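Asker: Any chance you can model this:
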Amino acid sequence: GVRQMGMRGAPIGGSVQGEELGSPRFDPFWAKVEELGVPLFMHPQGAPGTTQNDRLGGAGALGNTIGNPLETTVALSHMIFEGVFDRFPGLRICAAHAGGYLPSYLGRSEVRCDRQSQGDTGCPQKPFPEYFRREILIDTMVFREEGLRHLVAEVGVSQMVYGTDYPFDWPVGVDFILNASFLSDADKEAILGGNLIRLLRLDPSP
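Answerer: Have a look, this model is predicted:
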């Protein structure tokens, strides 16, 4: 697709038939993605234990409301802790639903490796949050200005891209970014297109 059709990236799920993306079995795939130099967009699909979980039944469509961000959280955590980004530092993954719950709770993951009494079996080579400063990008699907402000503080404007979930009816119009008083015009331009122009290596000239 990349070499013959000019594709600039590809979508992936957060797991593969119940197997975590951190499994060494997928290293040939990551190596090829790194070689091609294209980003991937990670969006959840049906997965046991997260989106498909008996406790997420009932009212509220919790398999979507909670399960989708949870699937992204679990997937990224496995990839970081199991060394995918350390083995393939050229990867660029854009994670749907603002990276799940992980960017809002980076501190807990960050201190995990300091707690040797917990029987840790491995830690990433870099401080945990640093993967959100280079390898991992997130979209802006958080719906509230304070949530957006928090994400900017945690990962930085350069790692954020505008998300819509089109054609589904989530309320995330462009005004959500344009009206954010704490963002500069340059920040808004980056989130609404500049970061993706860079990431996808698009020519911004008309």
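
Asker: Which strands and helices lie in contact with the helix ranked longest in the chain?
Answerer: Longest helix in the chain, counting residues (DSSP state H): helix 67-81. Applying 3 or more Cβ pairs under 8 Å, 6 or more residues apart in numbering; DSSP states H and E, we find helix 67-81 packed against strand 15-16, strand 19-20, strand 40-42, strand 93-95, helix 96-99, helix 106-111. All C-beta atoms are positioned from the backbone trio N, CA, C, and that covers glycine.

Asker: Could you list everything the spatially most central residue of the chain pairs with in the sheet?
Answerer: Computing the C-alpha centroid of the chain and ranking residues by Cα atoms, centre = their mean puts residue 95 first, at 2.0 Å. Taking DSSP bridges as the rule, residue 95 bridges to residue 42, residue 138.

Asker: Now do the contacts for residue 191.
Answerer: Each residue near residue 191 by Cβ atoms under 8 Å, 6 or more residues apart in numbering is listed here: 140, 157, 160-162, 177, 183.

Asker: please redo it, this time with the cut-off set to 6 Å
Answerer: Taking Cβ atoms under 6 Å, 6 or more residues apart in numbering, we find residue 191 in contact with 160, 162, 177.

Asker: Would you confirm that it belongs to a strand?
Answerer: No - assessed with DSSP: H, G, I helix; E, B strand; the rest coil, residue 191 is helix; it does not lie in a strand.

Asker: And it, how close does it get to residue 123?
Answerer: Between residue 191 and residue 123 the computed distance is 31 Å (Cβ to Cβ, to the nearest Å).

Asker: And residue 46, by the same measure?
Answerer: Taken as Cβ to Cβ, the span from residue 46 to residue 123 is 31 Å.

Asker: before we move on, what about residue 3?
Answerer: Separation of residue 3 from residue 123 (Cβ to Cβ): 36 Å.

Asker: Show me which residues of the helix or strand of the chain with the lowest mean pLDDT are buried.
Answerer: Every helix and strand of the chain was ranked by mean pLDDT, DSSP states H and E. The lowest is helix 106-111, at a mean of 82. Going by neighbour count (16 or more other Cβ atoms under 10 Å), the buried part of helix 106-111 is 106, 109.

Asker: outside of it, which residues touch it?
Answerer: Contacts of helix 106-111 (Cβ under 6 Å, 6+ apart): 128-129.
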